[in-house]
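K.L.:
need coordinates for the below:
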Amino acid sequence: MNPAEESDRKLVDSWTENAEAWTQVVRDQLIPSRRDGTDAAIVMACLTLGAGPVLDVGCGEGWLVRELGLRGVPATGVDVSAPLITRAQERGGGAFAVATYEDLERDANVVAGPWHGIVCNFSLLSDPLHPLLRALRSRLDANGRLLIQTVHPWTAKGDAPYRSAWRTESFDAFAVPFPSPMPWYYRTLASWLEEIAVAGLRVERIDEPVHPTTGSPLSLVLHCRTA
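P.N.:
As a prediction, the model looks like this:
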């Protein structure tokens, strides 16, 4: 197993090991950036899709599926973490299933759709992405869109060089202890656009939600269509 494959395996494992901690910080609204605007940004982006079913890929404990359901949007969530899907099913408010990204890439019958919208909300953390994005593109209906929300490349850069690379999230800044650190792949904007283009998609709009007080960018929201 090469270093990239090892990082990817640890990334997947972390979502099982950290499921309870993640559920708590999401449901107790303990992540400042989410309160400051990223949750609202992805909900509003989903509401621009118009009528039609939505698939939330990497849904975690299901908050976005529930929120869309309250707004009359039928939604289904999938996640690699069985414990997170269990928490989502216990809370209800939509349909949920366990599926790995490899499942989506290899089997077109897994959550086949077609979907009017597919959402990846802070859930694209590996490398490469274009095989998964290509598989998601094939599940969109003729007028469907793929929405991606991710950390803003400039603010997430921190003190590190501005280049795409594997990094590690320790969760030390969170109010709840997390059992396992999480490897994740930091991307420049150019890297995001390249992965999207290789998958046969095009970006038709970019949103940059900002902090209501400081004006600093909170995230990047990419609205994509079939090229």
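
K.L.:
residues contacting the residue nearest to Ala197 when sequence neighbours are not counted?
P.N.:
Using C-beta to C-beta, 6 or more residues apart in numbering and skipping residues adjacent in sequence, the residue nearest Ala197 is Ala227, 7.2 Å away. The way it works is simple: take the backbone N, C-alpha and C, and place the C-beta from them, glycine included. With contacts defined as C-beta atoms under 8 Å, 6 or more residues apart in numbering, the neighbours of Ala227 are 197, 200-202.

K.L.:
please repeat the previous calculation with a cut-off of 10 Å.
P.N.:
By C-beta atoms under 10 Å, 6 or more residues apart in numbering, the contact set of Ala227 is 137, 196-197, 199-203.

K.L.:
now, those that are in strands?
P.N.:
201-203 (DSSP state E).

K.L.:
quick one: which of these is nearest to Val80?
P.N.:
Leu201 (22.0 Å; C-beta to C-beta).

K.L.:
distance of the residue lying closest to the closest one once chain neighbours are set aside from Arg91?
P.N.:
Leaving aside its chain neighbours, Leu201 sits nearest to Cys224 (4.4 Å; criterion: C-beta to C-beta, 6+ apart). Distance, Cys224 to Arg91, by C-beta to C-beta, to the nearest Å: 29 Å.

K.L.:
so between these two, which is more surrounded?
P.N.:
A direct count of neighbours by other C-beta atoms under 10 Å for Cys224 and Arg91 places Cys224 higher, at 25 against 16.
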